[in-house]
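J.: Sequence first, then the predicted structure, then my questions.
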Amino acid sequence: MNKRIDSWFEYWQKYNSLCDIIRSENNQLAEQLVDAKLYVNGLTDGWHDFLNVVKELIFKNAETLSLDCKVQADILITQLEKAPMLQTGYGGMTVNERLVIANKMDEFDNAIDNKDTLRIIEILKSVELTDDNINAILKSFKMPAIK
């Protein structure tokens, strides 16, 4: 496996390939690794959850894995640990945690109650959420997405 991964498409190809190789050694672990992808939901905390689950699964099952699988898993984990979405000041925090830390929870709740989409967007951007994250939140409150 090449150490450099240039795109998320390539990352997922290599991750899926690793799962396929592990399947021949430990089918249950392979299924757990495939299921771990469900954590990746576009939000930073989802990426953190994915990373933590993968690390835990690989560590707990290291004795049963071939050296090649361990090396490939290490490359994928290292790549993910260096990913920009995990390097923010709010990395690993839920939206609520970010709002509490920033002392903006009451302000956010008021904006939601008043259906003030522009203010909601402003608040969520201030706690380093992406447009995709913000749109998912707006959708959950049945509010129009940002364009």
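T.: Nice, thanks for sending it over.
J.: these two touch, right, A145 and N135?
T.: Yes. A145 lies in contact with N135 (CB atoms under 8 Å); the separation is 4.2 Å. All C-beta spots, glycine's among them, are computed from the backbone N, C-alpha and C.
J.: Would you mind telling me which of those two has the busier surroundings?
T.: Using other CB atoms under 10 Å as the criterion, A145 and N135 rank with N135 on top: 19 against 14.
J.: what comes up buried for the host helix or strand of S24?
T.: Using DSSP states H and E, S24 sits in helix 8-25. Using 16 or more other CB atoms under 10 Å as the test for burial, helix 8-25 gives 14-15, 18-19, 21-22.
J.: ok, residues contacting it?
T.: Residues outside helix 8-25 that contact it (CB atoms under 8 Å, 6 or more residues apart in numbering): 1, 5, 29-30, 33-34, 37, 64-66, 68-69, 72-73, 75-76, 79-80.
J.: cutoff 6 Å now
T.: 5, 29-30, 33-34, 69, 72, 76 (CB atoms under 6 Å, 6 or more residues apart in numbering).
J.: Make a ChimeraX selection of whichever of these turn out to be buried.
T.: In ChimeraX, this line selects whichever of these come out buried by 16+ other CB under 10 Å:
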select :5,29,30,33,69,72,76
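J.: now, the most widely separated pair of the contacts of helix 8-25?
T.: The most widely separated members of the contacts of helix 8-25 are I5 and L29, with 21.7 Å between them, by CB to CB.
J.: residue contacts, E81?
T.: Residues in contact with E81 (CB under 6 Å, 6+ apart): none are found.
J.: Please apply the same query to T94.
T.: When contacts are counted by CB under 6 Å, 6+ apart, T94 touches D45.
J.: Dihedrals phi and psi, it?
T.: Phi and psi for T94, reported as degrees, to the nearest 10, are phi -70, psi 170.
J.: Tell me the spacing between K37 and E31.
T.: 11 Å (CB to CB, to the nearest Å).
J.: ditto for N96
T.: Counting by CB to CB, the gap from N96 to E31 is 31 Å.
J.: got it, and V127?
T.: According to CB to CB, V127 and E31 sit 35 Å apart.
J.: Lovely, talk soon.
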